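# Need coordinates for the below:
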Amino acid sequence: MDAYKQYEEDCTKIKKANQVLLTDFETWLRSFGLASKTIVQHIANVDFFINEYLLYEDAMEAIEGVYRVSMYLGDWFIRKAMWASPSSIRSNAASIKKFYAFMLAKGLMEQQSFDILAQTIKEDMPTWLAQMQRYLQEEYEMDDDY
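Take a look at the predicted model:
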């Protein structure tokens, strides 16, 4: 089997597993009495992270994303998501943190990995927001050329 076909098969398998995770995550969020709109936003944010970003170049399972958040929110999301903004970076960070809190609560990851994720979000957020501002400024300056 060629490498691309294997990648496609791996992605299909991972997307099925991700759907189960997202369904369970939704149930978990509902147990806290969150508003439906908030739950929908968390699910959409996490879905994009685990089913788009983590499968973009390689077939990575959701658990592998815990160490990829900085590359995602500090670069890939800014360049690839048309709706990227400082508020959407904050929203995605919150959703991803909640998702991995869910994974931790279900025994699907270790406390140390969650702690690293939480610290990364806390420490890297100013950098991600500055990167977003630079990107927006570059887009604005390009528009001025026309």
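
# Give me the next element, helix or strand, following the one helix or strand A44 maps to.
Following DSSP states H and E, the helix or strand that holds A44 is helix 36-48. Toward the C-terminus, helix 36-48 is succeeded by helix 69-71 as the next helix or strand (DSSP H and E).

# could you say what helices and strands that next one packs with?
Helix 69-71 sits against helix 111-144, with contacts defined as 3 or more C-beta pairs under 8 Å, 6 or more residues apart in numbering; DSSP states H and E. In this view, the C-beta of every residue, glycine as well, is placed from N, C-alpha and C.

# got any ranges where the protein has weak pLDDT?
1, 139-146 (pLDDT under 70).

# Would you point out which residue is most central in the chain?
The centre of the chain sits closest to F49, judged by C-alpha atoms, centre = their mean, with a distance of 3.2 Å.

# on contacts alone, who are the packing partners of the helix holding A44?
helix 3-30, helix 86-105.

# List the contacts of it.
Here helix 36-48 makes contact (C-beta atoms under 8 Å, 6 or more residues apart in numbering) with 18, 22, 25-26, 29-30, 34, 81, 91-92, 94-96, 98-99.
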